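# below are the sequence and a predicted model for it; my questions follow.
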Amino acid sequence: QVQLVESGGGLVQAGGSLRLSCAASAASGSSFSINTMGWYRQAPGKQRELVAYISRSGTTNYTDSVKGRFILSRSSAWILYLQMNSLKPEDTAVYYCNADMTLGGIPTRSWGQGTQVTVSS
């Protein structure tokens, strides 16, 4: 079992910034390899959507609505960061960390518990 622990959400005014973090950890003795890791978000009454993801090679991809404002990065220990700048009210959502990995040789997808981001106008 791999656990994704998120932090960094909160309330910010439009135009402000927040940084989200997500750390992946496994139970003692578990072996896993992350293929891609990223962030999704879900606003009230809407479907969950992909925000950005990063591959094992370090290639990043962003949804059009956040390009130029959000920056995704990761540490060598697969701690994922999402720097969110120039935030807009439409960025308000619960943000979920996601990882697609191989765990014990089996493809596995894990989700974090979600962190609320609220942008006031």
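Arrived safely. Residues are numbered from 1 along each chain as shown.

# residue ranges in this protein under the pLDDT threshold?
Low-confidence segments of the chain, defined by pLDDT under 70: 28-29.

# V5 is in contact with G112, correct?
Yes: here G112 lies in contact with V5, judged by CB atoms under 8 Å, at a distance of 6.6 Å. The C-beta positions use only the backbone N, C-alpha and C, and glycine is treated the same way.

# overlap in contacts, these two.
The contact sets of G112 and V5 overlap at C22 (CB atoms under 8 Å, 6 or more residues apart in numbering).

# ok, these two, which is more surrounded?
Remark: of G112 and V5, G112 carries more neighbours, 22 against 14, as counted by other CB atoms under 10 Å.

# so what's the more buried one up against?
Counted by CB under 8 Å, 6+ apart, G112 has contacts L4, V5, E6, C22, Y96, C97, N98.

# can you tell me which residues contact the residue nearest the centre of the chain?
Centroid-nearest residue in the chain, with CA atoms, centre = their mean: W39, separated by 2.7 Å. W39 makes contact with 20, 22, 50-53, 72, 80, 82, 95-98 under the criterion CB under 8 Å, 6+ apart.
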